[in-house]
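**Q** mind folding the following:
(one chain, ligands or ions: 1)
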Amino acid sequence: MINLPPEKLRDILLKAGVIDAQSFDELRIEAERKQQNVVETILSKGIVNKDYFYLLLAKSLGVPRVNLSVVKIDETALRLLPEELARKRKVIVFGEDEMTRKYKVAMEDPIDLETVDFLSLRLGKPIEPFLATEDDLNQGFSLYEQRLTEDFKTSIEQSVKESLRAKAQGATLEEAAQDIPIVAIVDNLLSYAISSRASDIHFEALEDGVLVRYRIDGILHEIIRMPKEILPAIVARIKILSSLRIDEHTHPQDGRFRYKIGGSSVDIRVSIIPTFYGEKMVLRLFTAAQKPVSLTDLGLFEDQVKLIEDAIEKTYGMVLACGPTGSGKTTTLYSILNILNRPEVNIITVEDPIEYDMRYVNQMQVNNAAGITFANGLRSILRQDPNIIMVGEIRDGETANISVQAALTGHLVLSSIHTNDAPTVIPRFVDMGVQPFLVSAVINTILAQRLVRKVCIDCIESYVPSKEMLASIEKELADLNVDPRSVKLPGTFYKGAGCKVCNHTGFMGRMGIFEILNVSEEIRKLIISESFNLDNLRTLARKEGMKTMFEDGLKKVERGMTTIEEVFRVIRE
Ligand SMILES: [Zn+2]
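**A** A predicted model of the protein is given here:
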């Protein structure tokens with residue numbers, strides 16, 4: 001993030017009229033308190049559009065802005081700087097000016113003169129700095145990573161050969177785990193996973209080998225296969241790292257460890273279970289770089305952001321995020337907490353696990369061994385005079401009832417719940433033993449969501465949808481009881497053709513598709529009425545303007561943000 005003197009930034013924003021002096025000063029104090037960069041705070045609140053902000057900034061700094069998702073990066077120029085240096089300095093050399101022969105460098109902070117001087121010296125001639133965003137720089141970093149793929153495979157194969165040779169000399173499991181080639185294989189798999197933006201690594205024991213898969217943007221990809229003789233030593237290596245018993249092969253084991261790479265570190269949760277052909281391991285990666293993003297960045301449209309903002313302005317009641325595991329509920333809750341995190345409120349959470357460390361939020365980890373469950377954690381929280389409570393998940397009647405009581409007695413409660421859509425949350429609460437009049441009284445807003453992969457902007461192309469596709473969209477709308485005539489179907493669809501940047505998948509990153517049920521007075525009345533059922537709740541919610549996740553997805557398809565296949569895939573999960 002650019003390091004601009006706050007007075008200068010204040011000047012720029014005030015002049016552009018995007019914020020008034022008082023609000024800026026408040027945000028500045030808030031940023032200091034949260035130890036965030038004030039630019040980050042302003043952007044995460046969606047006060048100014050990111051692109052517009054960078055244009056303003058470039059103009060006032062007198063530096064050109066470069067958008068690396070549009071401008072082609074010259075790979076020869078790129079490789080003049082090693083990746084590590086480029087990452088450390090947050091720069092990408094993306095070309096050479098034909099007239100001046102200066103190197104064109106995209107920089108996160110183009111007024112950092114020390115880096116400008118350093119680069120001129122290192123590259124052997126003057127450079128021309130351009131203002132770039134973090135996204136721009138990531139475009140460049142991902143180009144470095146493509147070469148990594150080839151290096152990764154060769155070096156794993158090399159280590160496997162060496163390890164098999166060493167194994168022939170009869171080492172114990174403990175010795176094998178410390179063996180240099182095994183250490184190298186595990187290091188390689190971990191660092192490659194991190195640079196591939198993987199969230200999980202799966203090691204599967206097959207009859208004739210070991211399969212390694214990464215989950216990237218929610219989808220499992222086969223990465224490499226190795227001879228099965230290697231597996232016991234790799235499992236032992238991971239067990240040593242996470243302080244698990246290496247002689248235990250018949251019971252499941254869970255552990256965790258911290259892995260350091262470059263300047264940052266990643267927390268890794270390990271789960272090992274015995275399977276027929278050997279031990280299966282799943283490593284979940286919690287990258288520390290994960291930070292709360294604005295509701296807009298999550299994929300919410302402006303009118304939806306407004307609904308959420310209104311719901312969390314209340315000092316009591318419940319705001320619920322729902323969807324299956326891996327649908328991004330936790331990220332949404334963290335974004336909301338980040339908005340609510342102000343000096344005058346006491347926020348306490350009980351989570352399983354704590355995925356993101358938030359300054360000034362008191363976070364408690366569920367720990368069954370120590371007797372901390374969602375329900376009794378919540379009870380202790382209530383004795384700590386909180387204003388806002390986040391309960392990681394409501395999955396039983398006890399937790400549901402205590403949460404409802406908390407929400408009734410002047411606390412804003414945020415939580416997540418496993419239901420497929422927003423309206424179903426209401427009967428689910430009743431099923432868990434909460435009285436309908438209480439459900440009706442406490443729930444402010446329910447947000448249902450799924451994550452779709454975003455079309456890669458480097459290889460996006462349009463096409464005309466087939467008649468069959470249009471027919472299945474109409475059928476889906478009909479199944480949702482949406483009059484297809486009320487929805488304008490897009491005439492042009494988009495997809496990623498596949499390119500080097502997206503590793504030939506056509507996708508890059510993920511965003512949410514949402515459905516927001518705002519519990520109005522009419523809906524409250526319906527919940528406690530004799531005639532309540534899911535169908536008439538859906539009908540009323542639609543009448544009041546609720547759009548289903550599928551419709552939200554269609555809107556994103558129309559704008560080329562995702563593909564129709566993605567929307568169908570996640571809707572049917
Ligand atoms: Zn692409």
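**Q** which residues are in contact with A177?
**A** Counting by C-beta atoms under 8 Å, 6 or more residues apart in numbering, A177 touches 233, 236-237, 239-240, 246. No exception for glycine: its C-beta is placed from N, CA and C like everyone else's.
**Q** which non-adjacent residue is nearest it?
**A** Distance criterion C-beta to C-beta, 6 or more residues apart in numbering; nearest residue to A177, sequence neighbours excluded, is A236 at 3.7 Å.
**Q** confidence score at K167?
**A** The model reports K167 with a pLDDT of 64.
**Q** re the thing from before, other SSEs contacting the helix or strand where the residue nearest to A177 lies?
**A** Using DSSP states H and E, A236 sits in helix 231-241. Applying 3 or more C-beta pairs under 8 Å, 6 or more residues apart in numbering; DSSP states H and E, we find helix 231-241 packed against helix 173-178, helix 180-195, strand 198-206, strand 253-261, strand 264-275, strand 278-287.
**Q** mean confidence score for stretch 84-91?
**A** Mean per-residue pLDDT for stretch 84-91: 88.
**Q** what comes up buried for that stretch?
**A** 86-87, 89-91 (16 or more other C-beta atoms under 10 Å).
**Q** and which of those is nearest to A369?
**A** Checking those against A369 by C-beta to C-beta gives R87 as the nearest, at 39.3 Å.
**Q** and whichever residue of the stretch 101-250 of the chain sits closest to the ion, how many neighbours?
**A** Going by C-beta to the ion, the ion is nearest to S142 of the stretch 101-250 of the chain, at 9.7 Å. S142 has 20 neighbours, counted by other C-beta atoms under 10 Å.
**Q** tell me which element it falls in.
**A** Here S142 sits within helix 134-167, counting by DSSP H and E.
**Q** just the angle for that helix relative to helix 180-195, thanks.
**A** 160 degrees (axes from the mean of the first three to the mean of the last three C-alpha atoms, to 10 degrees).
**Q** picking that back up, quick one: the helices and strands packed on helix 231-241 as a markdown table, columns for distance to the ion and mean pLDDT too.
**A** A markdown table is the format used below for the helices and strands packed on helix 231-241 (distance: least, C-beta to the ion, whole Å; pLDDT from 0 to 100):
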| stretch | distance to the ion | mean pLDDT |
| --- | --- | --- |
| helix 173-178 | 39 | 81 |
| helix 180-195 | 17 | 88 |
| strand 198-206 | 18 | 93 |
| strand 253-261 | 25 | 87 |
| strand 264-275 | 26 | 88 |
| strand 278-287 | 22 | 90 |
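**Q** quick one: which of these is nearest T154?
**A** With C-beta to C-beta, the closest approach to T154 among the helices and strands packed on helix 231-241 belongs to helix 180-195: 10.3 Å.
**Q** what about the closest one, distance to the chain center?
**A** In terms of C-alpha atoms, centre = their mean, to the nearest Å, the centre of helix 180-195 is set 23 Å apart from its chain centre.
**Q** give the buried residues for it.
**A** 181-186, 188-195.
**Q** leaving out chain neighbours, which residue sits closest to the residue of the stretch 101-250 of the chain closest to the ion?
**A** Closest residue in space to S142, ignoring its immediate chain neighbours: V501 at 5.4 Å, by C-beta to C-beta, 6+ apart.
**Q** what does V39 give?
**A** Using C-beta to C-beta, 6+ apart and skipping the chain neighbours, the partner closest in space to V39 is M1 (5.5 Å).
**Q** what does G433 give?
**A** Nearest residue to G433, sequence neighbours excluded (C-beta to C-beta, 6+ apart): G397, at 4.0 Å.
**Q** ditto for L56
**A** Nearest residue to L56, sequence neighbours excluded (C-beta to C-beta, 6+ apart): A16, at 5.2 Å.
**Q** that neighbour: neighbouring residues, count only.
**A** 16.
**Q** and D25, what helix or strand is that in?
**A** In this structure, D25 is located in helix 21-34 according to DSSP H and E.
**Q** circling back: so the residue of the stretch 101-250 of the chain closest to the ion is in contact with D458, correct?
**A** No: with contacts counted by C-beta atoms under 8 Å, S142 stays clear of D458, the gap being 9.3 Å.
**Q** what touches both of those two?
**A** In contact with both S142 and D458: V501, using C-beta under 8 Å, 6+ apart.
**Q** apart from its chain neighbours, what residue comes closest to R65?
**A** Closest residue in space to R65, ignoring its immediate chain neighbours: A58 at 3.7 Å, by C-beta to C-beta, 6+ apart.
**Q** just the pLDDT for that neighbour.
**A** 91.
**Q** assign a three-state SS to it, would you?
**A** Three-state assignment for A58 (DSSP: H, G, I helix; E, B strand; the rest coil): helix.
**Q** does it touch Y52 like I think?
**A** No: judged on C-beta under 8 Å, A58 makes no contact with Y52 at a distance of 10.8 Å.
**Q** of those two, who's got more company?
**A** Neighbours per residue (other C-beta under 10 Å) separate A58 from Y52, with A58 holding more: 17 against 11.
**Q** measure the more buried one to V38 for me?
**A** According to C-beta to C-beta, to the nearest Å, A58 and V38 sit 18 Å apart.
**Q** what sits against the residue nearest the centre of the chain?
**A** Among the residues of the chain, T331 comes closest to the average C-alpha position under C-alpha atoms, centre = their mean, at 6.3 Å. Counting by C-beta under 8 Å, 6+ apart, T331 touches 293, 298.
**Q** got the residues of the chain near the ion?
**A** Within the chain, the positions near the ion by C-beta under 5 Å from the ion are 456, 458-459, 496, 499, 501-502.
**Q** rerun that using 8 Å as the cut-off
**A** 456-460, 496-508 (C-beta under 8 Å from the ion).
**Q** these in helices, which ones?
**A** Counting by DSSP state H, no part of those is found in helices.
**Q** still on that earlier bit, how about the contacts made by the residue nearest to V39?
**A** Contact partners of M1, counting by C-beta under 8 Å, 6+ apart, are 37, 39-40, 108, 134.
**Q** P484 contacts E474, doesn't it?
**A** Yes: P484 is within contact range of E474, at 4.6 Å (criterion: C-beta under 8 Å).
**Q** quick revisit: kindly reformat the contacts of M1 as a markdown table containing neighbour count.
**A** A markdown table is the format used below for the contacts of M1 (neighbours: other C-beta atoms under 10 Å):
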| residue | neighbour count |
| --- | --- |
| N37 | 15 |
| V39 | 22 |
| E40 | 18 |
| E108 | 19 |
| E134 | 12 |
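**Q** what about the helices in the stretch 401-550 of the chain?
**A** Per DSSP state H, counting those that start in this stretch, the stretch 401-550 of the chain carries helices over the ranges 425-431, 436-442, 467-479, 521-528, 534-543, 549-558.
**Q** and among those, the most buried is which?
**A** Highest mean neighbour count of the helices of the stretch 401-550 of the chain: helix 549-558, a mean of 23 (counted as mean count of other C-beta atoms under 10 Å).
**Q** show me the contact partners of that one.
**A** Against helix 549-558 from outside (C-beta under 8 Å, 6+ apart): 299, 301, 304, 421, 448-450, 452, 473, 476-477, 480, 482, 487, 489-490, 492-494, 511, 513-515, 562-564, 566-567, 570-571.
**Q** and for stretch 376-390?
**A** Stretch 376-390 has contacts (C-beta under 8 Å, 6+ apart) with 315, 333, 337, 340, 345-351, 362, 364, 366, 391, 399, 402-403, 406, 411-415.
**Q** again, but for stretch 480-487
**A** 474, 477-478, 538-539, 542, 548, 550-551, 554.
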